[in-house]
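Q: the sequence and its predicted three-dimensional model are supplied below.
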Amino acid sequence: MNLENNRNEDWMKMAVSQAKQHFEKIKLGGGKKAIEKQHERNKLTPRERIEYLCDTDKPFLEIGAFAGFDMYEEQGGCPCGGTVAGIGYVSGRQCIIVANDQTVKAGAWFPITGKKNLRMQEISMENKLPIIYLVDSAGVFLPMQDEIFPDKEHFGRVFRNNAKMSAMGITQIAAVMGACVAGGAYLPIMSDETLMVEGNGSIFLAGAYLVKAAIGEEIDNETLGGAVTHTEISGIADYKFKTEQECLDHIKKIMNKLGDPENAGFNRVAPATPKKEPNEIYSILHEGNVKPYDMLEIIERIVDNSEFDQFKEDYGKTILCGYARIEGWAVGIVANQRMVSKNKKGEMQIGGVIYNDSADKAARFIMNCNQKKIPLVFLQDVTGFMVGSRSEHSGIIKDGAKLVNVVANSVVPKITIIIGNSYGAGNYAMCGKAYDPRFIYAWPSAKIAVMGGDQAAKTLLQIQVATMKAKGKEVSAEEEKALLDRIKASYEKQTSPYYAAARLWVDNIIDPMDTRKVIAEGITAANQNKDIADFKMGVFQV
């Protein structure tokens, strides 16, 4: 390994280490004291509950770990969005698990909590995965009720989804291990089976204090809506247990008896490790992602046997397309190529930019994968579409629209990994969040924005300086530089993977070494939904 590769590896490993340090802090939820209080009440934390519930010989892929990161600081923060969630295995069955974190504001729902819980239900519906709710929540965070209560994608959508998922035949199991109040009380009752823990679990539309204030009745919470009340009197709950462990053990029994799903039939053979050393994936991107590199080197460290069968290898070279296997699963890969190359006319093409020919090639390849029922993997490092008179006269908008059309209408599962840049319409064409990837992950090196930081900062600076001068104010070179630095710092923060993950633009920030695993688990999940629509295209310019 040469000196430059060493520097690249050090930079990437440092970025991975920083992400892991942030995650270690996130795992503390509301803090050590809050965790101790949870234990004093004979309650497990959400992560302890999930660890006890899940099979130890299978992976648990957390989704939305960075939800709420650096958000809601005035309210004391909302680590992990107040909910721990992901894809795991219970009694050998892959499923979704959603666990409220009572250590974070008593498990109250912030706006990002609602978005995260809806994302988990979306994953369940798209992949027909059973879903387990571990309920321990005080309901809506009242100071922000206007941002979480009434809209289409707010709190109430969860219960609408409960009904829709039940009609789809998706198993839903709710274990009430703490508070479950107000509108939140509908979730366990709209699930297939409801389990409660005596002494801690409670379900009611209004707690004891509110009942007294509303109708003058004096009653304690346990009598009002505890496990005994709801299993012996109201009939709302199906099972009661003395301990959380007994409750979780019963969930395992329920999951053990589920019928096998009819799968989609995606092709899989025995997995094989890459022939090229996977650890070398750390040294390929340059620090700051400022220099070209060969995306093929990354692909060959992700795919089985390092085998990648390229489609139209010598055409449209700024996008690589081809067939491969990942952990045995057949996949079609669409990846931005960062190397500078020449097109068929001998003209130089900038790496990471989508040209007419590469857009045309990628669109055709995606159609082929839909025809053959092969899941798609997008590896993003894109600065956008090529601009200028030559591209415009060649119809770059037309070819770009064709690619966007195909991505939007694709019916096979799409999994997106943002490796480096994800700028402008390139984000759309390479299956960004708005184009419904089944799963979307980011490396710590990812940047997501409408354009690169330097270009954006200079554009914003020109606008602001012009506005100031129009008002008769002179702007010195020093003032202009200070203004540019402030704009650039603000913009750079908004392009970071943490900013994106906090808002669930990506499902998680991953170690590059985990890329194979998250793709394979994503296809395993997708394969459990046999219902794949027919691939159809609308109208587009040819």
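A: Arrived safely, thanks for sending.
Q: CA only for contacts and neighbour counts going forward, please
A: Fine.
Q: separation between the residue nearest to residue 92 when sequence neighbours are not counted and residue 153?
A: Spatial nearest neighbour of residue 92, chain neighbours left out: residue 55 (7.0 Å); criterion: Cα to Cα, 6 or more residues apart in numbering. As for residue 55, its distance to residue 153 is 32 Å (criterion: Cα to Cα, to the nearest Å).
Q: and what of residue 112?
A: From residue 112 to residue 153 the distance is 11 Å (Cα to Cα).
Q: ok, back up a step: residues contacting the residue nearest to residue 92?
A: The contact partners of residue 55, by Cα atoms under 8 Å, 6 or more residues apart in numbering, come to 88-92.
Q: who has more neighbours out of residue 112 and residue 153?
A: More crowded of residue 112 and residue 153, by other Cα atoms under 10 Å: residue 112, with 26 against 14.
Q: wait, that one sits on residue 81?
A: Yes - with contact defined as Cα atoms under 8 Å, residue 112 counts as touching residue 81 (5.7 Å).
Q: now for those two: what residues contact both?
A: Residues touching both residue 112 and residue 81 (Cα under 8 Å, 6+ apart) are 67-68.
Q: how about residue 321, secondary structure?
A: Three-state call for residue 321 (DSSP: H, G, I helix; E, B strand; the rest coil): strand.
Q: run a quick neighbour tally on it.
A: 29.
Q: now it: closest residue in space that isn't a chain neighbour?
A: residue 334 (4.7 Å).
Q: over to residue 469?
A: residue 475 (7.3 Å).
Q: now for the one you found: which residues touch it?
A: Counted by Cα under 8 Å, 6+ apart, residue 475 has contacts 465, 468-469.
Q: show the pLDDT at it.
A: We have a pLDDT of 74 for residue 475.
Q: against residue 455, how distant is it?
A: For residue 475 relative to residue 455 (Cα to Cα), the value is 20 Å.
Q: how about residue 307?
A: 38 Å.
Q: these two: who's more crowded?
A: residue 307 (19 against 11).
Q: and that one, how far from residue 124?
A: Distance from residue 307 to residue 124, by Cα to Cα: 32 Å.
Q: ok so, going back, who are the packing partners of the helix or strand that contains the residue nearest to residue 321?
A: Using DSSP states H and E, residue 334 sits within strand 329-336. Using 3 or more Cα pairs under 8 Å, 6 or more residues apart in numbering; DSSP states H and E, the elements in contact with strand 329-336 are strand 319-326, helix 356-372, strand 376-382.
Q: which one of these lies closest to residue 518?
A: For the helices and strands packed on strand 329-336, the distance to residue 518 is smallest for strand 319-326, at 10.1 Å, taking Cα to Cα.
Q: run through who's touching that closest one.
A: 271, 296, 302-304, 307-313, 330-337, 352, 354, 358-359, 361-362, 365, 516, 519-520.
Q: could you check the angle that strand makes with helix 356-372?
A: Counting by axes from the mean of the first three to the mean of the last three Cα atoms, to 10 degrees, strand 319-326 lies at 30 degrees to helix 356-372.
Q: and strand 319-326, which strands flank it?
A: In the sheet, strand 319-326 lines up against strand 309-310 (antiparallel), strand 329-336 (antiparallel) (DSSP bridges).
Q: which strands and helices sit next to the helix or strand following the last one?
A: Okay, so that is strand 329-336. As assigned by DSSP H and E, the chain's next helix or strand after strand 329-336 is strand 341-342. Here strand 341-342 touches strand 348-349, going by 3+ Cα pairs under 8 Å, 6+ apart.
Q: neighbouring contacts of the strand it packs on?
A: 318, 340-343.
Q: what mean pLDDT does that strand get?
A: 82.
Q: after it comes which helix or strand?
A: According to DSSP H and E, the helix or strand after strand 348-349 is strand 353-354.
Q: least confident secondary structure element in this protein?
A: Among the helices and strands of the chain, helix 453-470 carries the lowest confidence by mean pLDDT, DSSP states H and E, at a mean of 75.
Q: ranges for the helices of the stretch 1-150 of the chain?
A: 3-26, 32-40, 46-53, 111-127 (DSSP state H, counting those that start in this stretch).
Q: tell me the buried residues in the first one?
A: To tie it back to what came earlier, the one meant is helix 3-26. The neighbour-count check on helix 3-26 (16 or more other Cα atoms under 10 Å) flags 5, 8-9, 11-13, 15-16, 19, 23, 26 as buried.
Q: so the residue of the chain most remote from its centre, which state does it fall into?
A: For the chain, the residue at maximal distance from the C-alpha centroid (Cα atoms, centre = their mean) is residue 472, at 47.6 Å. Classification of residue 472 using three-state DSSP returns coil.
Q: may I see the buried residues of stretch 48-65?
A: Quick answer for stretch 48-65 (16+ other Cα under 10 Å): 49-50, 52-55, 60-65.
Q: could you point out which of those is nearest to residue 221?
A: Distances from residue 221 to these, taken by Cα to Cα, are shortest for residue 49, at 23.6 Å.
Q: OK, contacts around the closest one?
A: Taking Cα under 8 Å, 6+ apart, one finds residue 248 in contact with residue 49.
Q: and the strands in the stretch 51-200 of the chain, which stretches?
A: 61-62, 83-90, 93-100, 131-137, 172-181, 193-197 (DSSP state E, counting those that start in this stretch).
Q: can I get the fourth one in CSV, CA atoms only?
A: I take that to be strand 131-137. The C-alpha coordinates for strand 131-137 follow below in CSV (Å, rounded to 0.1, in the frame of the first residue of the first chain):
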residue,chain,number,x,y,z
ILE,A,131,-43.5,-6.1,13.0
ILE,A,132,-43.1,-6.1,16.8
TYR,A,133,-43.9,-3.0,18.9
LEU,A,134,-42.3,-2.7,22.3
VAL,A,135,-44.4,0.0,23.8
ASP,A,136,-43.3,2.4,26.6
SER,A,137,-44.4,5.9,25.7
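Q: may I see the buried residues of that strand?
A: 131-137.
Q: could I get those in a markdown table, plus columns for pLDDT?
A: Shown next, in a markdown table, are these (pLDDT from 0 to 100):
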| residue | pLDDT |
| --- | --- |
| 131 | 98 |
| 132 | 98 |
| 133 | 98 |
| 134 | 97 |
| 135 | 96 |
| 136 | 95 |
| 137 | 92 |
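Q: on that earlier part again, select, out of the strands paired with strand 319-326, the one closest to residue 193.
A: Counting by Cα to Cα, and looking across all of these, nearest comes strand 329-336 at 33.9 Å.
Q: and the angle for the closest one with strand 376-382?
A: Going by the same axes, to 10 degrees, strand 329-336 makes 20 degrees with strand 376-382.
Q: can you give the distance of strand 329-336 from its chain's centre?
A: 19 Å (Cα atoms, centre = their mean, to the nearest Å).
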